[in-house]
Every structure is written in C-alpha cells, then in structure tokens.
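Student: how does the following fold in three dimensions:
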Amino acid sequence: MHSKLEILILAAGKGTRMRSGLPKVLHRLAGKPLLRHVVDTAHDLGAAQVCVVYGFGGEAVPQAMADDKLTFVLQAEQHGTGHAVKQALPQLADDSVALVLYGDVPLTHVSTLQPLVGAAQAGKLGLLTVNLGHPDGYGRIVRESGRVTRIVEHKDATPAERAIQEVNTGVLAVASRQLKRWIAELKNDNAQGEYYLTDIIAMAVRDGVEVDTHQPAHEWEVLGVNSKAQLAQLERIHQNEIALALLDAGVTLMDPARIDVRGTLTCGCNVTIDVNCVFEGRVELGDGVQVGANCVLRNVTIAADTRIDAFTLIDDAEIGEANRLGPFSRIRPGTTLARDVHVGNFVEIKNSQIDDGSKINHLSYVGDTTMGKKVNIGAGTITCNYDGANKHRTVIEDEVFVGSDTQLVAPITVGRGATLGAGTTLTKDAPAGELTLSRAKQLTVSGWKRPVKQKKEG
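Tutor: Next up, the predicted model:
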C-alpha cells in the first residue's frame, strides 16, 4: 500500500519584477491565478493534503484561495526554499510522502509529476530535472558515474560545473520523515545566505537514498513566472496547448493562434470558431455551432446549430437550438433564448426569456421580459423596465407584432396576437388580437419658414 501524498506549494515570494502590489502567484494565466493552476494539479494528483506556504501580500493569498480546501502556512520572512519548506513541516504526517511544487510554475503536467511521487513511495527521492541550452542562473545537477550526487547553485558553481546543462527545477518528492530530518540539517553558508532545499540532495546521497530523476515532455512545463513578459509568454504557450486539444477533438479553428480560453470550453461535433474569440468561465457549444470573429462568451451554454455572428457578447445565458445572434448583439445575464430565435445587430437583452421563433433584429433593448412564441419586435423598440428605483417586468404573449420605435413602460402585458403601431408609448396593457397605438396627430403647417442664421455686424 502506497504512502499517502501530501503536497507543499511554495508561494511566499513578492515577485519584484512583476512591478505590482498583487502577490505574484495571484496574477492570472488563462483567467485564473497562477497558484490555482498548481492547486488544481495537486488535486488531480490525489493529494491527501495541499499545504500552501504564503508570505508577501499578507492574507491576500488565503483569501483568494479560500474555497480550495487548502492548509495555509505563513512564511513571515523569506530565507530561501529550505526555510519555506521548514515552515510547513509540522503539517506533514511522518508516514506520508511530500511533493514540493511552486506557486509560480503553473503548467507542469500531472503525468510529469506522477513518476516523482512513485519514486518517493518506493523509498527514493524523485527529482525533476531539465536540460537547457542556456542554463545560466539554474542549479546544476552534478553526477558521478551517472548517479546524482548533489546540486550546485549557479553562483556557487565552478566553471566546469557551470558547463553542465542538466539543471534542477526545484520540484522533488521524498518521504516526509526523511524530509524533516534533512531540513533540520540545512545551513545557509552560501553566496545568497539562504537555506537551499536543494542541499538535501547531497544528504540523500550520503544516507544511501537513491535520487531518481525524471524530465518533463516539454521544457515550458517547468518555466516559472518572474515578470509580466514571462507571464505573457506562458499565456501563449498555454493557449496553444488548448487550441491543439480543441483541434484534436475535431473543432475547426480558423486560426489556432487567435483564440483565448479563460476557463473551460466544451465543444460538440462540427463546431467552428473564427478568430479573436474569448471564452471565459464554463462555456458549452453544441453540435454545429458557429462562432464568428471577435466574440466574447462567458458562462454560457449554446445548443446545436446556433450561429453567433461577429462582435457578439454573451454573458451568463442559455441559448437554445438553431438561434441566430449578431452581429453586434449583447446578451446579458439571466437570459434564456429558446429555439429559432433571431437577435440582430445592436440588440441588448437582459434577464429575459424569449420563446421559439421570436425575432428582435435591430437596435432594441429588451430587459426583464417574458416573451412568447413568434413575436416580432420592430427596430428601435425598448422595454422601459426601470422607474429610477425598482425594476418591473414586461410580458409579451405569443404572436405579438411590435412596430418600430415603440416603448413598453413596465409593468405591462401585451396580449396574444396584439399589434402595436410604430411609435407607440405603451403605458397600459394591450388587449389580445387588437391594434393598439399612441401617437400625436400628424400636422402640416403651411407656409412655415425655417429660421435663417443672422449675419454678425461688423
């Protein structure tokens, strides 16, 4: 039976080069904090406990991650990675294995970390290394007869050691009982005056514990974020990985380099996505959905065969089958569109339910409305849902025809099959099956002369 896994995430650094008051690990990658990426990986590994060592920013990190069932340990002063791990040691059970991860290294795959955990559970020290063409700044892996003997930090390395291209990533796994013993022995007699976690490698070798190294499939899996430029670099790498996964699943991306997924995007068969689209939160696209260029979809479900034309924003809504939206439509939270609904250019809908076959094609605002089947809303129509203090509801029953430039002053009901004449301001319920209109009498003033601009004197 394997020892249970406990994961330490080191997340105490300020990130001076980020030039921000926000703790580095809370900067966002693909819509979520760097630290949350690492926490999600820890959970995917099946950790019995995830312990986050935090410091800079005070309680900002625990507050941001409060819903993730984590153990938090404060590192009030930063004296190196070994010192950070030491703060968390009292949280670890003696019979567990510990995996050390970093809150600013967000893209390491679960499959890359599993061999390290397996090595620790087998009584070894699992160490993640990577070969770099330009290893400056990294701790080098020193081997004798192929076996790891120690790690030397760049500033402490000899010229011969600096020529080594295999470097330490800082990610390691080992039995917690051994980790506690070795951490207690750490000293800070080095160029940085810090307690290096990596010094435990030599201790493991001394104590006859085999160091079992593994490497990631991609170098970017172990890249950390120390600046906004590095964050932007990892954003594009991560978005490319998402795009490749979508392509493999059969989604048509007009340009895989121009898509941003900041959450979870689930697609059915024959989905097409044009350029510069942004997907935030949880987005589900049904079979045959087409998304035009420059659209933003946030926390939305879109059923089969719906077409979203360019420059459309949909936020916290549910879109049914065979609808057509856009271009330049805005669907706001609380909206449900049934089947074969058309929402055209410069139409805004908020907190409304639109039933089958209804059409709102031009320049209209529909808010807090219940709309029946086969309703036609003319251009320039608005529901006046707000009286300055409270919101009120508009009910438009089946097969209503609303003429252009009409205002419906809620609370109000338009009966089934009613027609509202163009230019109407409706302040009372309109009866079913009748024509209702309100407009001033048309007059022509004979002989009227348009004013003429007076010439200035002098």
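Student: low pLDDT regions in this structure?
Tutor: Low-confidence segments of the chain, defined by pLDDT under 70: 1, 458.
Student: kindly list the longest helix within it.
Tutor: When the chain is parsed with DSSP state H, its longest helix is helix 228-248.
Student: can you pull the buried residues of that one?
Tutor: 231, 234-235, 237-239, 241-243, 246 (16 or more other CB atoms under 10 Å). In short, each C-beta sits where N, CA and C put it, glycine included.
Student: tell me what whichever helix or strand comes after that helix is packed against?
Tutor: Proceeding N to C from helix 228-248, the next assigned helix or strand is strand 252-253, under DSSP states H and E. Packed against strand 252-253, as judged by 3 or more CB pairs under 8 Å, 6 or more residues apart in numbering; DSSP states H and E, are the following elements: helix 228-248, strand 272-273.
Student: pairing partners for strand 252-253, with directions?
Tutor: If you go by DSSP bridges, strand 252-253 pairs up with strand 272-273 (parallel).
Student: give me the contacts around the strand it pairs with.
Tutor: With CB atoms under 8 Å, 6 or more residues apart in numbering as the test, strand 272-273 has contacts from 246, 251-254, 259, 289-291.
Student: 7 Å - rerun?
Tutor: 251-254, 259, 290-291 (CB atoms under 7 Å, 6 or more residues apart in numbering).
Student: for stretch 229-248, same thing?
Tutor: 27, 29-30, 106-107, 220, 223, 225, 253, 256, 259-261, 267.
Student: restricted to strands, list the residues you listed.
Tutor: Of the contacts of stretch 229-248, the ones assigned to strands by DSSP state E are 29, 253, 259-261, 267.
Student: among the residues you listed, the buried ones, what's the PyMOL command?
Tutor: The following PyMOL line selects those of these that are buried, judged by 16+ other CB under 10 Å:
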select buried, resi 29+253+259+260+261+267
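Student: can I get the ones in strands among the contacts of stretch 229-248 in TSV with distance to Asn323?
Tutor: Shown next, in TSV, are the ones in strands among the contacts of stretch 229-248 (distance: CB to CB, whole Å):
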residue	distance to Asn323
Leu29	33
Leu253	22
Ile259	22
Asp260	24
Val261	22
Cys267	17
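Student: domain map for the chain?
Tutor: Here the domain assignment for the chain is 5-222, 228-436, based on automatic domain parsing.
Student: take those domains and write them to TSV, including distance to Val452.
Tutor: Formatted as TSV, these follow (distance: least, CB to CB, whole Å):
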stretch	distance to Val452
domain 5-222	60
domain 228-436	31
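Student: nearest to Arg19 among the contacts of strand 272-273?
Tutor: Distance to Arg19 across these (CB to CB) is lowest for Ile259, with 28.4 Å.
Student: what pairs with that closest one across the strands?
Tutor: Here Ile259 sits in beta bridges with Cys277, going by DSSP bridges.
Student: need the contact list for it.
Tutor: 239, 243, 253, 273, 277.
Student: how much space between Leu265 and Leu313?
Tutor: Remark: distance between Leu265 and Leu313 (CB to CB, to the nearest Å) = 16 Å.
Student: which one's more surrounded, the two?
Tutor: The residue with more neighbours, out of Leu265 and Leu313, is Leu265; 23 against 20, by other CB atoms under 10 Å.
Student: let me see the ranges of the helices in this structure.
Tutor: 34-44, 60-64, 81-88, 110-121, 159-162, 176-185, 200-206, 228-248.
Student: would you mind giving those helices as JSON lines with distance to Glu144 added?
Tutor: Output for the helices of the chain, formatted as JSON lines (distance: least, CB to CB, whole Å):
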{"stretch": "helix 34-44", "distance to Glu144": "33"}
{"stretch": "helix 60-64", "distance to Glu144": "41"}
{"stretch": "helix 81-88", "distance to Glu144": "24"}
{"stretch": "helix 110-121", "distance to Glu144": "20"}
{"stretch": "helix 159-162", "distance to Glu144": "13"}
{"stretch": "helix 176-185", "distance to Glu144": "20"}
{"stretch": "helix 200-206", "distance to Glu144": "9"}
{"stretch": "helix 228-248", "distance to Glu144": "34"}
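Student: wait, which of these is closest to Phe72?
Tutor: helix 60-64 (4.7 Å).
Student: if you count neighbours, what's buried in that closest one?
Tutor: Buried residues in helix 60-64 (16+ other CB under 10 Å): 61, 64.
Student: ok, now stretch 57-74?
Tutor: 57, 61, 64-65, 70, 72-73.
Student: ok, these vs Pro90, which is closest?
Tutor: Val73 (8.3 Å).
Student: quick check, the closest one in contact with Lys86.
Tutor: No. Using CB atoms under 7 Å, Val73 is not in contact with Lys86; the gap is 9.9 Å.
Student: quick one on the thing from earlier: just give me how far the longest helix of the chain sits from the chain centre.
Tutor: Averaging C-alpha positions (CA atoms, centre = their mean, to the nearest Å) puts helix 228-248 12 Å from its chain's average.
Student: what's the angle from it to helix 34-44?
Tutor: Between helix 228-248 and helix 34-44, the angle formed by their directions is 50 degrees, by axes from the mean of the first three to the mean of the last three CA atoms, to 10 degrees.
Student: if we can go back for a sec, mind telling me the two of the contacts of Ile259 farthest from one another?
Tutor: Gln239 and Ile273 (12.8 Å).
Student: gap between Glu194 and Gly13?
Tutor: For Glu194 relative to Gly13 (CB to CB), the value is 12 Å.
Student: so these two - more neighbours on which side?
Tutor: Gly13 (22 against 17).
Student: is that one in contact with Phe56, as I believe?
Tutor: Yes. At 6.2 Å, Gly13 and Phe56 qualify as touching, with contact defined as CB under 7 Å.
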